[in-house]
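Enquirer: got a predicted model here, sequence first, then my questions.
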Amino acid sequence: MGGGGDFGYSAAMTIIFVPKQLELSLLGGALIGAAAGGLLLVNGRIAGISGILSAATARGTQGWQWAFLAGMLAAGASAALVGGHVPVGLDGESLPLLAGAGLLAGLGTRLSGGCTSGHGVCGLARLSPRSLVAVLTFMLAAGVTVFIERHGL
Amino acid sequence: MRALLTAFGFGLLFGAGLVVSGMTDPNRVKAFLDVSGVWNPALALVMGGAVGVALPAFAYAKRRQHALLHDKINLPTRTSIDARLLGGAAVFGVGWGLSGICPGPGIVMAGAGALGAAVFVLTSALGARLADWLFKAG
């Protein structure tokens, strides 16, 4: 967790560990890391999703970005078909809120040059100080946003 | 053609990792981001596992000239830590916190048929263009 002083909130804070979630998070993370490493060594490309999405929808796009995005879409479709792993948690969010959040995410990642995958996974894996600063910044901003939304100012 | 197939395969693997890890559940993402209530730290292991596996691959890539199917390994060259980086990351963080979605999981969820996630992905593509228009992206 990036934000400083997270553990200082002990008065109100409870930490829960859900069995199996820890293992699955680690396994899923390993798959993500393998995909990022593979894309770099085989295709010579960075698996930064905001960058890939931005490039795929810009002029002069190259095919590999669309192929990668198609793979990600196929992963979601397969999960929904096979395991009924249809994502939950979106019910409470209105479409205008999600549109606003998407706009901010696209604007912010374009300016800072990466998101959770580009600065997070890839940037940290290549030990980039710039990416570490970006990760700490967006984690802190996201944490503060959720805090204000749930608990007010 | 081979490069397109491998790109598809790595996208599939990346997406599978996001599903398995729980990153495609915005409720869990928000529970992870909300450290003041009942905090579920499991998602910290996603980044840990991903970086742990990617680290040796990136270290190896730095010493190589060519990728297997591409003449060049495209590693980012920017190192600047400036207002644009900090401001952009902060704006992204607000969007992530509001929705519990970041671009990768958004695309996977859209593939699973979640309309809200598709709206998020399309507007974030729009947001990138807006940034170009406002700030003459470089």
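Expert: Now that the structure is in, tell me what you want to look at.
Enquirer: for the helix-or-strand element of chain B with minimal mean pLDDT, name the packing helices and strands.
Expert: Least confident helix or strand, chain B: strand B:38-39 with a mean of 82, by mean pLDDT, DSSP states H and E. Applying 3 or more C-beta pairs under 8 Å, 6 or more residues apart in numbering or on different chains; DSSP states H and E, we find strand B:38-39 packed against strand A:14-15, helix B:26-33. Using the backbone N, CA and C atoms, a C-beta is placed for each residue, glycine as well.
Enquirer: parallel or antiparallel, list what pairs with it.
Expert: Its sheet considered, strand B:38-39 pairs with strand A:14-15 (parallel) by DSSP bridges.
Enquirer: quick revisit: redo the helices and strands packed on strand B:38-39 as JSON lines? Include distance to B:Gly116, mean pLDDT and mean neighbour count.
Expert: Shown next, in JSON lines, are the helices and strands packed on strand B:38-39 (distance: least, C-beta to C-beta, whole Å; pLDDT from 0 to 100; neighbours: other C-beta atoms under 10 Å in any protein chain shown):
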{"stretch": "strand A:14-15", "distance to B:Gly116": "29", "mean pLDDT": "82", "mean neighbour count": "10"}
{"stretch": "helix B:26-33", "distance to B:Gly116": "9", "mean pLDDT": "91", "mean neighbour count": "24"}
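Enquirer: can you tell me the SS state at A:Gly114?
Expert: Three-state call for A:Gly114 (DSSP: H, G, I helix; E, B strand; the rest coil): coil.
Enquirer: nearest spatial neighbour of the most centrally placed residue in chain B, skipping sequence neighbours?
Expert: Centroid check for chain B by C-alpha atoms, centre = their mean gives B:Gly104 as the closest residue, at 4.7 Å. Nearest residue to B:Gly104 in three dimensions, chain neighbours excluded: A:Ile49, at 4.1 Å (C-beta to C-beta, 6 or more residues apart in numbering or on different chains).
Enquirer: tally of neighbours for the one you found?
Expert: Each residue near A:Ile49 was counted by other C-beta atoms under 10 Å in any protein chain shown, and the total is 32.
Enquirer: hmm, it is touching B:Phe92, no?
Expert: No - when contacts are counted by C-beta atoms under 8 Å, A:Ile49 is not listed as touching B:Phe92 (11.9 Å).
Enquirer: which residues are common contacts for those two?
Expert: Here A:Ile49 and B:Phe92 share the contacting residues A:Cys115, B:Cys102, scored by C-beta atoms under 8 Å, 6 or more residues apart in numbering or on different chains.
Enquirer: so which helix or strand takes in the residue nearest to the centre of chain B?
Expert: Taking DSSP states H and E as the criterion, B:Gly104 maps to helix B:103-111.
Enquirer: contacting residues around the very next helix or strand once past that helix?
Expert: Downstream of helix B:103-111, the first helix or strand assigned by DSSP H and E is helix B:115-135. With contacts defined as C-beta under 8 Å, 6+ apart, helix B:115-135 is touched by A:50, A:53-54, A:56-58, A:87, A:90, A:93, A:95, A:98-111, B:84, B:88, B:95, B:99, B:101, B:103, B:105-107, B:109-110, B:137.
Enquirer: now the spatially most central residue of chain A: how far from B:Leu43?
Expert: Central residue of chain A (C-alpha atoms, centre = their mean): A:Thr116, 3.9 Å from the mean position. A:Thr116 is 10 Å from B:Leu43, where distance means C-beta to C-beta, to the nearest Å.
Enquirer: how about A:Thr57: what's its closest non-neighbour residue?
Expert: B:Ala125 (4.4 Å).
Enquirer: the one you found: neighbour count?
Expert: The local packing of B:Ala125 (other C-beta under 10 Å) involves 21 other residues.
Enquirer: which of the helices and strands packed on strand B:38-39 sits closest to A:Gln65?
Expert: Comparison of these against A:Gln65 by C-beta to C-beta identifies helix B:26-33 as nearest, at 24.6 Å.
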